[in-house]
Every structure is written in structure tokens, then in C-alpha cells.
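# Below are the sequence and a predicted model for it; my questions follow.
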Amino acid sequence: MLQMQLTPSPITATVDFSAPGVSHGFLRLPYSRDDAAWGSIMTPITVVNNGEGPTALLTGANHGDEYEGPIALFDLAATIRADDVTGRIIIVPAMNYPAFGAGTRTSPIDRGNLNRSFPGRPDGTVTQKIADYFQRVLLPMADVVLDFHSGGKTLDFLPYCAAHVLPDKRQEAQSFDLVRAFGAPWSVKMLEIDAVGMYDTAAEEMGKTFVTTELGGGGTATARTAGIAKRGLRNLLVAAGVMQGEVQAQPTQWLDMPDEDCFTFAEDGGLIEFLVDLGDAVSQGQPVARIFPVTRTGLPPVTVHARRSGLMMARHFPGIVKPGDCVAVIGVEVEHE
């Protein structure tokens, strides 16, 4: 373990993280492959420095088929001026660059899910090396971390910004203050199905103020969801004291995810018919979907029921569902002071 901790990351940055002004460059990871014996993975990065202030680390495409974050971050990198900033902003629009290039949730190189690979390894797979660089180099620099997500190809969400309930209530309050400032139509006190190996967990365990999103899905971005991402990004940076300007306040409805009954999973595979849509109110035990067997005709569908009352905040996106897939997520509307 000591040897792994002392092994330097194979990733090198072509930008100077302390240089004043706006710097564009790459995180270069050597990757020898059939079409390039001495090749590299070149992940774009922008660093903006202007005086004393906090550091914000901004990331998108942790999963490669989620696009609102990359749209907002490539846009910010192309338009930001050093005079707009007080402190430092580090922009990585596509964290998992191989997955982003392939349009897949996980890496096409090693099938690694970056958001389940932390703390990573400097001598591991490509995905583990990327995780290690964020764990040991980028996260320690940051005060505030915003990691954009959406549903990718397999889920669709009400557009929301979120943070987690944390043992450190001061850290939790700072995160939820930035969720409120982001101003998505929905704001969520988020529960994870499995937090082991997540970027979120790595940042929070370092004491960082961590905020995330789920802004739609279906493997694309709409004008509405991209607009929410771009406006919310600037609002968060202003509220965090890293960017000059004023927060453009937006109304938001808070949702809580109090327990695992928020999640409904398929126990059968087949063709799924939803009986309620995103944003609809449901009652515990209410049918939310039917799954038709597709191996032959004449077979009755299996009904999927909500495990709690609340609001449909996420749903399975493809028309075919497999056993174990998440069919629906139900949140509970709450007030937030």
C-alpha cells in the first residue's frame, strides 16, 4: 500500500495550475495500443487563475453518455475571462474522455465505470489511473466540486441539482446552499444505491463542498436541460465566491430520498409500458409500469408497483427492460429552509 501511495501518477498536465490568466491544455495519459505504440489519451482541461480566492473543480462526462455537463463546461471554457474570476477554476468537461469519445457510460478501453473506481491506482487500468489523478492531484486543490450528471442512455430524470446528507452538518449545509443557488427546477437530498468507489464519496471524505446534478437523460441533451446546466453553473460559481456577478435566482422544489423504498427494480425482463410519467404523483402500491414478456404472444404483463408514495423523479429510458434494472425512482416533496 505504501509503495502504491508513493508511485507518481502517469498523467501529466500541459497546463500550469498556478499560472495567472486562462490556460487551455490537456491531461496526458500514456496509452500504448495497436494504432499508436507510444500513444496518449489527451483529456482537455482549462485552468483560470485570478488572485486570491477559493478553487472550484468542475467536471462533466464522468459517464461518457451524459451531455449537459460537457456542453456547459466546454461553453464556459470558451467564454470565460480571468477578470470574471476571483480565485481559481479548473474545468474538465470530459473526465472519462475515452467513454465520452465513444458515447458510452463506461470506458471502451477497460469497461471501467469511473464513478465506481475511486480512489484509483496509478499502476492500474486506464480508468483507475484517471481516478487516481483526480484523487491525489485535482481534488486536493479544490474547495468546491461540481460534478455534472444526467441519465445517460438508460435513465431519464426530472432535471435536478443535488447533494448528500452528511455526518458533518456544516459541510452538508454548505453543499445544500450551493444546490439552492444552482437553481434547477428540482433540488434533491440524494440517496445513493451504492456509494462505494464514487467520486462524490472521495470528495466528501476530503471535506470538500460537493454538488452534483441529474439533468434529463436518454443519451442526449435538450435546449432546456443544457440551459439549466449553463445557468446553474454560473449561479453556483457566483454563490461560491469564485465568479463575479449575481445569482439569477430560480424557483426550485425540494425532494427527499429518505430510504431505499424510493427505488423500484424490475424482477422480470421484457417490453416496458409506463403507467405514470416523470413528475406525476404516485401512491404506495400504485402500478407504475407493466412489463410484457416478449418470447411469445398471449402472455399477461407483470405489473410493477411503487414502493412508496411521492413523485416520479426518474425512470428507465429504453423500451426493453432486464431483470435488476431500475424501473422508477420516487422522491418525496419537502420544504427546505
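Thanks, I have the structure now.

# And the helix or strand residue 333 falls within, what's buried?
Take DSSP states H and E as the rule and residue 333 turns out to sit in strand 326-334. Counting neighbours by 16 or more other Cβ atoms under 10 Å, one finds that the buried residues in strand 326-334 are 326, 327, 328, 329, 330, 331, 332. Glycine gets a C-beta too; all of them are placed from N, C-alpha and C.

# Please apply the same query to stretch 307-316.
307, 308, 310, 311, 312, 313, 314, 315, 316.

# List just the nearest of those to residue 281.
Sorting the buried residues of stretch 307-316 by distance to residue 281 puts residue 311 at the head of the list, at 5.8 Å, by Cβ to Cβ.

# And the residue nearest the centre of the chain, its phi and psi?
The residue lying closest to the centre of the chain (Cα atoms, centre = their mean) is residue 149, at 2.9 Å. Torsion angles at residue 149 (phi, psi; degrees, to the nearest 10) stand at phi -140, psi 160.

# and it, what does it touch?
With contact set as Cβ atoms under 8 Å, 6 or more residues apart in numbering, residue 149 has these partners: 62, 63, 66, 69, 212, 213, 214, 215.

# how many other residues sit next to the second one?
It refers to residue 63. Burial measure for residue 63: 23 neighbouring residues, criterion other Cβ atoms under 10 Å.

# mind starting the numbering at 31 from now?
Shifting the count to begin at 31 puts that one at residue 93.

# What confidence value was assigned to it?
At residue 93 the predicted local confidence, pLDDT, stands at 97.

# which residues touch it?
If you count contacts by Cβ under 8 Å, 6+ apart, residue 93 has them with 126, 129, 135, 136, 143, 144, 145, 179, 182.

# So the second one: helix, strand or coil?
Looking back up the chat, that one is residue 129. When states are read from DSSP: H, G, I helix; E, B strand; the rest coil, the local structure at residue 129 comes out as helix.

# can I assume it is in contact with residue 140?
No. Taking Cβ atoms under 8 Å as the definition, residue 129 is not a contact partner of residue 140, at 10.2 Å.

# Give me the more crowded residue out of these two.
Remark: of residue 129 and residue 140, residue 129 carries more neighbours, 27 against 15, as counted by other Cβ under 10 Å.

# Next up, the contacts around that one.
Applying Cβ under 8 Å, 6+ apart, one finds that residue 129 lies in contact with 91, 93, 94, 95, 135, 136, 137, 138, 144.

# cutoff 10 Å now
Residues near residue 129 by Cβ atoms under 10 Å, 6 or more residues apart in numbering: 91-96, 135-139, 141-144, 157, 160.

# What segments of the stretch 31-180 of the chain are strands?
According to DSSP state E, counting those that start in this stretch, the stretch 31-180 of the chain carries its strands in the segments 42-43, 51-60, 70-80, 85-89, 117-122, 174-177.

# Perfect, I'm done here.
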